[in-house]
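Asks: make a model of this:
(one chain, ligands or ions: 1)
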Amino acid sequence: MKACVFTLGCKMNEVESMSLMQGLEERGFEVTDVPEYADLYVLNTCAVTAEAERKSRQAVARLRKFNPLAPVIVCGCASEKDSAAFETREGVTFVSGAMGKNKLLDYIGERGRAHETESTFCEMPLPKRSKTRAYLRIQDGCNRFCSYCIIPYLRGRTRSRKAESILAEARAVSAAGAREIVLTGIDISSYRDGETQLGDLLLLLKDVPARIRLGSLEPCVITEAFLQKMQAAGNVCEHFHLSLQSGSGAVLKAMNRRYTREEYLNKCALIYRCFPSAAITTDIIVGYPAETEEDFLQSLSIVEEAGLARVHAFPFSPREGTNAAKLKDLPSAVKKERMERMLQAARRAEERYIEKFTGSEQIALFEEDGGYTSNYLRVSAVGAKEGSMYRVKLSERKNDAIRAEIIEEI
Ligand code: SF4
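Replies: Numbering: from 1, shown residues only. Coordinates of the predicted model:
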């Protein structure tokens, strides 16, 4: 029996799909993540934008084209938001939503596994993973209720995985060959298992023989104490994906983002004081309903002022059910024009960042698609082998990677 797990959306979905694939394999299925002929389809959906939701609904018919007789099981955020939109589709036999992905494995065969609720973190099978980089779920849900975001309504309140379970998985994946472990979740900044917060968790992971990379962070987690714990751990990548969303204090307030422009800038300065070679990357929403030209200019200027290395910019897209969806949307021509300016600013920021390291020596871990340094510079080097780590010397940029010369294998 062959099962196909098809995934849309974020890294968290990808990790959960890898767990589902592992669970299906343990139940005797041959598994694939490529849409092709299969006896069973699992569709892991996304609702982050209206477009992602539409693609999720369309994916049911897309998968059934390969085998119209195979049942389709649907999970993920789009099915949590509107289960009827999937239940009524031909071929769909079960819809588990976002918070009950493990019910799906129960449905397929296993009995007696605890179900996830809004207040408990649910363990899933160890994900199938690539040899070099492993993604590790440490947290789920979110309590922040940013005005534009549907996730807290779909994934429930924040809940954290037990630290000893994280440590056990980290040891297992590194013993199986992973040399980088990425800690993922919806809001990992809110991680808390008893007295153990995110910084303490990093200290617990310090003896795992792999480097640790953090998923997206909220500015509130960046404190001197947290950065000192990162330094003490010694194996945490100097890469901070520090969510911004707008450079304007007024828009941040309207978004319910709970920090000011100045606070964000102070957090970046603090990071650079502790980690001078750090990469600070971010997300920015362009064209939020309350955003004036003046506000937008604040978003443009903070890119350079904060010393950002990379910016993922998105045009605002209203999500039904959120407070921001009730506001008057800006004309799409305004959003498009601002996006172009933001993308230019993002390109300049990345060039500045790369220039800073030209000629420097870095440690890069090579994966399927090239090497990555601790501070997330993408490098290419003649003779580098996947799964290996090298000290390299960086030269000029070629296409989307920086050319590097291998000095020695680590
Ligand atoms: S922090 Fe804000 S944007 Fe991120 S998941 Fe929570 S509500 Fe959504």
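
Asks: in the stretch 51-200 of the chain, mark out all the strands, start to finish.
Replies: Ranges of strands in the stretch 51-200 of the chain, per DSSP state E, counting those that start in this stretch, are 72-76, 92-97, 133-137, 139-140, 159-160, 180-184, 192-193, 196-197.

Asks: ok, and what's touching stretch 87-96?
Replies: Stretch 87-96 has contacts (Cβ atoms under 8 Å, 6 or more residues apart in numbering) with 57, 60-61, 64, 68, 70-75, 79, 83, 86, 103-104, 107. Heads up, the C-betas are built off the backbone N, CA and C, glycines and all.

Asks: got the buried residues for that stretch?
Replies: Burial within stretch 87-96, assessed by neighbour count using 16 or more other Cβ atoms under 10 Å, is assigned to 89, 91-92, 94-96.

Asks: from these, which one has the minimum pLDDT?
Replies: Ranked by pLDDT, the buried residues of stretch 87-96 bottom out at S96, which has 86.

Asks: who touches E53 in this structure?
Replies: Applying Cβ under 8 Å, 6+ apart to E53 gives the contacts 45-47, 78, 81-82.

Asks: give me that answer again for 10 Å
Replies: By Cβ atoms under 10 Å, 6 or more residues apart in numbering, the contact set of E53 is 8, 45-47, 77-79, 81-82, 85, 150, 319-320.

Asks: and those residues near the ligand, which?
Replies: When contact is defined as Cβ under 6 Å from any ligand atom, the contacts of E53 do not meet the ligand at all.

Asks: any chance of these in JSON lines, plus neighbour count?
Replies: Shown next, in JSON lines, are the contacts of E53 (neighbours: other Cβ atoms under 10 Å):
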{"residue": "L8", "neighbour count": "21"}
{"residue": "T45", "neighbour count": "30"}
{"residue": "C46", "neighbour count": "23"}
{"residue": "A47", "neighbour count": "26"}
{"residue": "C77", "neighbour count": "28"}
{"residue": "A78", "neighbour count": "30"}
{"residue": "S79", "neighbour count": "30"}
{"residue": "K81", "neighbour count": "20"}
{"residue": "D82", "neighbour count": "18"}
{"residue": "A85", "neighbour count": "18"}
{"residue": "I150", "neighbour count": "21"}
{"residue": "R319", "neighbour count": "22"}
{"residue": "E320", "neighbour count": "12"}
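
Asks: identify, from those, the entry nearest to Q344.
Replies: Nearest to Q344 out of the contacts of E53 is R319 (Cβ to Cβ; 27.0 Å).

Asks: how confident was the prediction at the nearest residue to the closest one once chain neighbours are set aside?
Replies: Spatial nearest neighbour of R319, chain neighbours left out: I150 (4.4 Å); criterion: Cβ to Cβ, 6 or more residues apart in numbering. Note on I150: pLDDT of 90.

Asks: looks like I150 contacts I186 (just checking).
Replies: No - using Cβ atoms under 10 Å, I150 makes no contact with I186, being 11.7 Å away.

Asks: coming back round to it: and the residue nearest to R319, what is it in contact with?
Replies: The neighbours of I150, taking Cβ under 10 Å, 6+ apart as the test, are 47-49, 53, 77-78, 80-81, 319-322, 325.

Asks: at 6 Å instead, please
Replies: 47, 319, 321-322 (Cβ atoms under 6 Å, 6 or more residues apart in numbering).

Asks: separation between it and R54?
Replies: 14 Å (Cβ to Cβ, to the nearest Å).

Asks: what do you get for G383?
Replies: Distance from G383 to R54, by Cβ to Cβ: 45 Å.

Asks: ok, the two, which is more surrounded?
Replies: With neighbours defined as other Cβ atoms under 10 Å, G383 and R54 compare such that R54 has more, 11 against 8.

Asks: close to the ligand: what parts of the stretch 101-250 of the chain are there?
Replies: Residues of the stretch 101-250 of the chain lying close to the ligand (Cβ under 6 Å from any ligand atom) are 142, 144-146, 149, 151-152, 186-187.

Asks: filter those residues down to the buried ones.
Replies: Neighbour-count burial (16+ other Cβ under 10 Å) applied to these gives 142, 144, 146, 149, 151-152, 186-187.

Asks: helices and strands around the lengthiest helix in the chain, which ones?
Replies: Across the chain, the helix with the greatest residue count (assigned by DSSP state H) is helix 332-357. Secondary-structure packing of helix 332-357 (3 or more Cβ pairs under 6 Å, 6 or more residues apart in numbering; DSSP states H and E): strand 279-286, helix 293-305, strand 310-315.

Asks: assumed I212 was part of a strand.
Replies: Yes - applying DSSP: H, G, I helix; E, B strand; the rest coil, one finds I212 inside a strand.

Asks: quick one: contacts for the residue lying closest to it once chain neighbours are set aside?
Replies: Leaving aside its sequence neighbours, I212 sits nearest to V236 (Cβ to Cβ, 6+ apart; 4.8 Å). Residues near V236 by Cβ under 6 Å, 6+ apart: 202, 212, 230.

Asks: I181 is in contact with the second one, correct?
Replies: Which is I212. Yes - between I212 and I181 there is a contact under Cβ atoms under 6 Å: 5.4 Å.

Asks: return the helix or strand in the chain with minimum mean pLDDT.
Replies: helix 101-108 (a mean of 76; mean pLDDT, DSSP states H and E).

Asks: which residues touch the residue of the chain most remote from its centre?
Replies: Ranking residues of the chain by C-alpha distance from their mean position (Cα atoms, centre = their mean) puts L69 at the top, at 34.1 Å. For L69, the contact set (Cβ under 6 Å, 6+ apart) is empty.

Asks: you'd agree A210 is up against L183?
Replies: No - counting by Cβ under 6 Å, L183 is not a contact partner of A210; they are 11.4 Å apart.
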